[in-house]
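# sequence and predicted structure, then a few things I'm wondering about:
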Amino acid sequence: MSQVERETLLIVDDDAINRAILANIFESEYRILEAEDGLSGLQAVRENADSLSAVLLDIVMPRLNGLEALRELRGEGLTARIPVFLITADLTGAWMKEAYDLGVMDVIFKPVVPYIVRRRVNSVVELFRARRRLGAEVERQRDQLLLQAQQLAEMSTGMVEALSTAIEFRSDESGEHVRRIHDVTCHLLRATPLGEGLSESEIVLIGVGAITHDVGKISIPDAVLNKRGRLTPEEYELMKTHTVKGAELLSKIPQMRELPAYRYAYDIALHHHERWDGRGYPDGLVGDETPVWTQVVALADVYDALVSRRCYKEAYPAKEAMNMILEGQCGAFNPRLLECFQKAEPVLRRFYQ
């Protein structure tokens, strides 16, 4: 055994001669610790749990006998980490079933035979070492797989964000639009009661979904998407299809479907033009038939559209934009959503400075 593999073996026995005999058997392979009763032995296990290769535990001892000590070790989960051997001269075996039920690895009877006890102890110790090495390797591979999955998820999210940004440029809008929708949405969910019941990880995923809200505009012809005047009824109906097309597009990206954000992204793309009174599109959802996170994205989208310059209009001042929304000029929104928005709007203005 190399010096690196030399670990500690604890001998717990109230007889000094027995401890000396066992120490002589194992001292060439292990660092030896000794305890003269069950209570001090239990304390030694607790203090050296990370370095112990095995515990040799006598049964009949003062203060705390071997079975009592074993019960304590089992209760603390230590018998699963450290092999325990009972050393005894009691051949009746009345206690043996309980000992094995408590997790003892083997029973060695006195007087011990050196080569037998060495082989039995070392075989079990090596089994525990192999199990620890395997556990460490499994843990390392699991961490590596988790890292790879995270990298793939980030890459997929980045690709979707790049696609969304490219669409914004195509429609003559700043690529910052999708980032602002993300920021406004996350702020409203974090800083107001709108996010009650949502964890931070869920808000992050909703933010990712918000980035893809207009991804369906890739299907809209440039002549309609960038038209500077009012859309005809036919053109408006065509523009409205970007919601359904966006949801279809997201559903056809295998990597997107595997992301935790997919369920949010799909609903946001499909329903961010629904309105509280049921006069939105594509499904005419009423009230809370539209999830709250999609309602928030819908409001963030309207607010950003008003305070930003577009090919068909100049930017409105923030206060005027807020009044237009509150007065219902941009469609009906959840009254609770409007109340939270009104309180948060002074902070939202900072995203545009």
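That came through fine.

# need the three-state assignment for V112.
Here V112 is recorded as coil under DSSP: H, G, I helix; E, B strand; the rest coil.

# how about the strands in this protein?
Counting by DSSP state E, the segments of the chain that form strands are 8-12, 31-35, 52-58, 84-88, 106-109.

# how about these, which one is nearest N334?
N334 lies closest to strand 52-58 among those, at 61.6 Å (C-beta to C-beta). Every C-beta, even on glycine, is put in place using the N, C-alpha and C of the backbone.

# name the helices or strands packed onto that closest one?
strand 8-12, helix 38-47, helix 66-75, strand 84-88, helix 114-170 (3 or more C-beta pairs under 8 Å, 6 or more residues apart in numbering; DSSP states H and E).

# pLDDT score for the spatially closest residue to L306 that is not a sequence neighbour?
Once flanking residues are discounted, L306 sits nearest to A321: 3.7 Å by C-beta to C-beta, 6 or more residues apart in numbering. On pLDDT, A321 comes in at 93.

# also A149?
For A149, pLDDT reads 52.

# for A54, same thing?
94.

# ok, what's across the strand from it?
Note on A54: beta-bridge partners by DSSP bridges are L9.

# which of the helices and strands packed on strand 52-58 has the lowest average pLDDT?
Looking at these, the bottom one is helix 114-170 with a mean of 71.

# follow-up on the earlier one: mind checking which of the strands of the chain is nearest L249?
strand 52-58 (58.8 Å).

# what lies in contact with that closest one?
7-15, 18, 22, 30, 38, 41, 45, 66, 69-70, 73, 82-88, 108, 121, 124-125, 128-129 (C-beta atoms under 8 Å, 6 or more residues apart in numbering).

# can you do 6 Å?
7-13, 22, 66, 82-87, 121, 125 (C-beta atoms under 6 Å, 6 or more residues apart in numbering).

# before we move on, what about stretch 285-302?
181, 184-185, 188, 194, 206, 210, 213, 267-268, 271-272, 274, 278, 330, 333-334, 337, 341.

# any idea which of the strands of the chain is most buried?
When you average the neighbours per residue for each of those (mean count of other C-beta atoms under 10 Å), strand 52-58 leads with a mean of 26.

# that one vs helix 38-47, what angle?
170 degrees (axes from the mean of the first three to the mean of the last three C-alpha atoms, to 10 degrees).

# work out the gap between strand 52-58 and the centre of the chain.
38 Å (C-alpha atoms, centre = their mean, to the nearest Å).

# next, the angle strand 84-88 makes with it.
Using the same axes, to 10 degrees: strand 52-58 against strand 84-88 is 20 degrees.

# pull strand 52-58 out as CSV, backbone CA atoms only.
Below are the C-alpha coordinates for strand 52-58, written out as CSV (Å, rounded to 0.1, in the frame of the first residue of the first chain):
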residue,chain,number,x,y,z
LEU,A,52,-11.0,6.1,8.7
SER,A,53,-10.6,3.0,6.6
ALA,A,54,-12.3,0.7,9.2
VAL,A,55,-13.3,0.4,12.8
LEU,A,56,-12.6,-2.8,14.9
LEU,A,57,-15.1,-2.7,17.7
ASP,A,58,-15.3,-4.9,20.8
